[in-house]
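**Q** Here you go, sequence then predicted model.
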Amino acid sequence: MPIQGLEVLQSSASLRGQNTGLRVLAKVSKYIDTSTCIGCKACEVACQEWNDLPVVPTQQVGTYQTLPTLQADFWNLIRFNEQEFEGGLAWLMRKDQCMHCADPGCLAACPAPGAIVQYANGIVDVNAENCIGCGLCETGCPFDVPRFSAKTGKMSKCTLCVDRVDSGLEPACIKACPTGCLHFGTKEDMVELGHARVKQLQANGFANAMLYDPPGVGGTGVVTVLAHGDKPELYGLPKDPRVPLSVTFSKRILKPLGIFAIGATLVGLFTHYVRTGPKKPHDDNPPRTGG
Amino acid sequence: MTNGWVDIKNADVILAMGGNPAENHPCGFKWAIEAKKTRNAKLVVVDPRFTRTAAVADVYAQLRPGSDIAFLNGIIRYAIETKRFHEDYVKLFTNAPYIINEKFAFDDGLFSGWDDTSKSYDKSAWAYQPNPTTNSYDVDPTLQHPRCVFQLLKKHVDRYTPEMVERITGTPKETFLNVAKVVTSTGNAERVGTITYALGWTQHSVGVQMIRAAATLQLLLGNVGRPGGGVNALRGHSNIQGCTDMGGTFEILSGYLATPRSELPDLDTYLQKVTPTTLNSQAWASMNYWQNYPKLMVSLLKSIYGKAATKENDFGYSWLPKTDGNYSWMYLFDEMYRGSSNRAGGVEPGPEGLVTAGMNPASIGPNAPKMVAALSKLKWLVVVENYEIETATFWKAPAEYGGAPVAEIQTEVFQLPASGFAEKDGSFTNSARWVQWKWKAVDAPGQSKTDQEIIARIFLAVRDLYQKEGGALPEAVLNVAWNYTNPASPDLGEVLREINGKALEDLFEPPKDPKDLKEPKKLIKAAGQQLDSFGQLRADGSTSCGNWLYTGCYTEAGNNTQRRNNADPSGLGMFHQWTFSWPANRRVMYNRASADAAGKAWDPTRPGIQWNGEKWGGPDVPDIAPDSPPGKFGAFIMLPEGSGRLFAPVLADGPFAEHYESVEAAIQNPLHPKVTSNPASRRFSTKFDKYGTAAEYPIVCTTYRLTEMYHYWTKNTGRLNQLQPGFFIELPEQLAKENGIANGEQVRVISARGEVQGVAMVTKRLGPMVVDGKPLWHIGFPIHWGYTGEEGHLGPLANMLTPSAMDANTWTPEFKTFLVRLEKGRPLKST
């Protein structure tokens, strides 16, 4: 549900687009420092508690990681990876979740008007009321985040606790983090924090340390400090994420065409109505029921 | 902790060894991260497993479980060899200059004074050499005398060369040397380092000596008493510090006063035995704080027995129970199982009943089959808990625990539902010695009651029976003071007031001239008023106090444990107006050692206390007489010599830490094969007390805990079960490959006591090791499961496999190193 008072910057399958009359809000961002994350999973529980997500069934299969991937009822997952480097072993831990891209591929791919919105502060949210559960947003996401819930028939993912943020609180995961490897603030501040930490890591021998804020999606609302920044894939992050070409093509070329087509269809229908009159009901066509 | 959680942020080097703070103390560990971020501090992790703490370390070294003393003695040797220690500090504040008597020796694994019949040491063979002319002890301030502590230490650790360290610990020499270099970078005035440890040190047959080695190293580096330094025990439970402070083990009363023993029949004999006399009356003399023992003990007796305690009846000393043997865990359960106990007074029957509250013996004791068998010998068992735990259902434990058939078990079990920590007011004392009040958050479910109500009702019922029917030793029950507004459920605020202590009569300052009767008396406290500090306690019965260390926690100003002012003028994270920290609201213990001979801070950016020409001032509360000029007293005021002990002539297993193998030894001790394991550590001899050999059980195994779980409780909690759904066994990749075990498959681990089966977690985080020239494998598993809990999340008790082995000083079980073998798992029964 769109948050009252938070203005929408862009909305799926609608022409609303870049609204120049909007109040200017600072873009918000999470900050994740994987080099001080201890994989305690407090964020996983906090996310579930705040968002009223049920306990998901899990099984010990030989890893510290709670689940293989994100789920419709599990929006925040610490990914564990044991990795050998020249200097020794590393146990990489990264908080996986929606990245809240500035150019959200999910939003671009979504055919349902208003089902995915991006607020003026940059948060990308699913509006379940409008979601048709088609799953196309999955194809638009370069981070493999949105999940279809068979229970609700809707897509779901991290909302960046937009309800908390709109009330001046930090997201639940940030609140729960015991070491301070998670922070929340304006994108500008989080990037500054990230660069300072990257500089420190570089001075301490991690020459490839970097702040992950990929330009291919216009930057993200989750910036991530990676000690081994030359290999983001070791953390389960794509090296150079982009919105798939098919989605961009569909958004930039097909959608305007589609809207034109809808217009043309409406004109056609009107013409048809004017010429043939209202449609008569068929008795042999029972009403659809849910199932 | 000598220091505190927040103080870790002041460290330049943090050595995390014998503990896994990121996983087991994640909230406190934030201060290690803070030090890394703000001071660019180096986090050094030395652990058999590459843990989640190691994942954020700057330096990591893998060592064989149980070989920590060899590693630490290696660093001590390196520090002395390379002169990377704080020499000024060592000369001022430690016993390095003391001469040890000629009887002291160390030969082939045994210190002098060993008696092979009693398997114990005569500690008089390790004494300081007295000097009759100075009425003190012989010292050599130049540290050159061959029998001074410094030279003896140097000689003792000389065997721990980097090559020997590698041979014993399995840590490659270069890795060890890198750790030694980083750690000893703090051996000077400019830098400070801390050591944090936990059960990874205490739960060994040489646990206390591991901590001794760490204390020796920290004294040598000049890191004790300074902000950012210390030897810091990270306690495992939210209030285990409070439990210990209040007499949580059998040999101490509250405030660490000794439990009276049967051979000390009256108060005078007791006080004579326990009150030390000053050993050092020279410059840098000892304040010998324990000379105040009579004040502390009499005030405690007054708080227990109230008006019934008088000078004439020894303040009720004779009513206190006296110990006549060892009542620690393994002895108690051994006697329970055998049905008899060997006491000072002869052989007696074993215990017939057990009350257990907040404690799960079936799960937490070593050698679980013996625990289950022992419980089945009881006539009655009372379990005060908030879940139905393994102990309450021991009689229906699965067959593999080897318990008797249900029909043969006669134990009557009473379960009393107790409220959880969030369901009641009260205080937690954390590792930093902060006594912090917390408020009830939710109502307790059903008919559950608070612990204090359960204890109070049992007490009142017993007292009622005594009043009506009489019984053995009636005074011990009838004379207990029980002056609470609601006797059946004492308010814990009232209890805390009682612990703090109060004046029972008007207290006056001692007259300056006792003969001058006209001198006006100066009132310190009026009768009935709460005391401010333990300095106000009296030995004449005019004060009462439940725990002298807590005096100041609840004064006339109110409940100071509720204070939440986070002002921190020094910026060092001391927060003197946040709650109350024992003793005397002091945040760093032994803080006299934070300043040099003249009383100036070693490091002006991190001062502890400083001499201003007239008295000692902050930022911390001075741990020395405030008006005693520098040079008068030594920094270690609780010791009769006043100096920090590089040589500790008081422990059961030697004055210097020495490497011994665990009781189940993986190899012969390379230093002295004839004395492989700790000679002073006891074993048991029932049919359950089996010990394995390396020939049969070639793999070293250890047990541990996970961030996601809390002890044996949280397997009842769905959200946490989701994060760690079940029991698993961590195996090195190569070992798994050799045994044809793939990640996620079932695997069995077998020790001389039993076997467990679980999911194999095949990992790079446990490496192959070369120990004493041969490859050695080590594996491990977490402890959190058992046969009660949420459906689908049950598992074997880790202690199925652990031995009846223990530390020689504290009798703490050796959970951290034992021997096992590995087999493929059996197919799971389909359900």
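**A** Good, I have the coordinates.

**Q** I figured residue B:344 was touching residue B:322, is that so?
**A** No. With contact defined as Cβ atoms under 8 Å, residue B:344 does not count as touching residue B:322 (9.2 Å). Any C-beta I mention is one placed from the backbone N, CA and C, and that applies to glycine too.

**Q** Please identify which of the two sits among more neighbours.
**A** Using other Cβ atoms under 10 Å in any protein chain shown as the criterion, residue B:344 and residue B:322 rank with residue B:322 on top: 15 against 11.

**Q** quick one, what contacts the more buried one?
**A** Residue B:322 makes contact with B:259-262, B:264, according to Cβ atoms under 8 Å, 6 or more residues apart in numbering or on different chains.

**Q** What count of nearby residues applies to residue B:155?
**A** Residue B:155 has 13 nearby residues by other Cβ under 10 Å.

**Q** what about it, which SS state?
**A** At residue B:155, secondary structure determined by DSSP: H, G, I helix; E, B strand; the rest coil is helix.

**Q** shared neighbours of residue B:344 and residue B:322, anything?
**A** Joint contacts of residue B:344 and residue B:322 (Cβ under 8 Å, 6+ apart) are residue B:262.

**Q** near chain B, which residues of chain A show up?
**A** Contact residues (Cβ under 8 Å from any Cβ of the partner chain) of chain A with chain B: A:35-42, A:44-45, A:48-49, A:55-63, A:66, A:82, A:84, A:88-93, A:178-181, A:197, A:200, A:203-204.

**Q** For the stretch 101-250 of chain A, just list every one of the helices.
**A** A:105-109, A:136-140, A:162-166, A:172-176, A:187-203, A:245-249 (DSSP state H, counting those that start in this stretch).

**Q** would you list these in a markdown table and tack on mean neighbour count and mean pLDDT?
**A** What follows is the helices of the stretch 101-250 of chain A, written out as a markdown table (neighbours: other Cβ atoms under 10 Å in any protein chain shown; pLDDT from 0 to 100):
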| stretch | mean neighbour count | mean pLDDT |
| --- | --- | --- |
| helix A:105-109 | 26 | 96 |
| helix A:136-140 | 22 | 96 |
| helix A:162-166 | 18 | 95 |
| helix A:172-176 | 21 | 98 |
| helix A:187-203 | 17 | 98 |
| helix A:245-249 | 14 | 79 |
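
**Q** As TSV, those with distance to residue B:159 would be great.
**A** Shown next, in TSV, are the helices of the stretch 101-250 of chain A (distance: least, Cβ to Cβ, whole Å):
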stretch	distance to residue B:159
helix A:105-109	65
helix A:136-140	64
helix A:162-166	60
helix A:172-176	49
helix A:187-203	39
helix A:245-249	69
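
**Q** between the ones you listed, which one is nearest to residue B:364?
**A** The closest of these to residue B:364 is helix A:172-176. By Cβ to Cβ, the value is 28.6 Å.

**Q** now for the closest one, which elements pack on it?
**A** Judged by 3 or more Cβ pairs under 8 Å, 6 or more residues apart in numbering or on different chains; DSSP states H and E, the packing partners of helix A:172-176 are helix A:42-50, strand A:182-186.

**Q** swap the cut-off to 10 Å and go again
**A** Helices and strands touching helix A:172-176, by 3 or more Cβ pairs under 10 Å, 6 or more residues apart in numbering or on different chains; DSSP states H and E, are strand A:28-33, helix A:42-50, helix A:162-166, strand A:182-186.

**Q** Would you confirm that residue B:484 contacts residue B:495?
**A** Yes. Using Cβ atoms under 10 Å, residue B:484 makes contact with residue B:495 at a distance of 7.6 Å.

**Q** any shared contact partners between those two?
**A** Contact criterion Cβ atoms under 10 Å, 6 or more residues apart in numbering or on different chains; residues shared by residue B:484 and residue B:495: residue B:452.

**Q** and residue B:383, backbone torsions?
**A** As for residue B:383, its main-chain torsions (degrees, to the nearest 10) stand at phi -120, psi 110.
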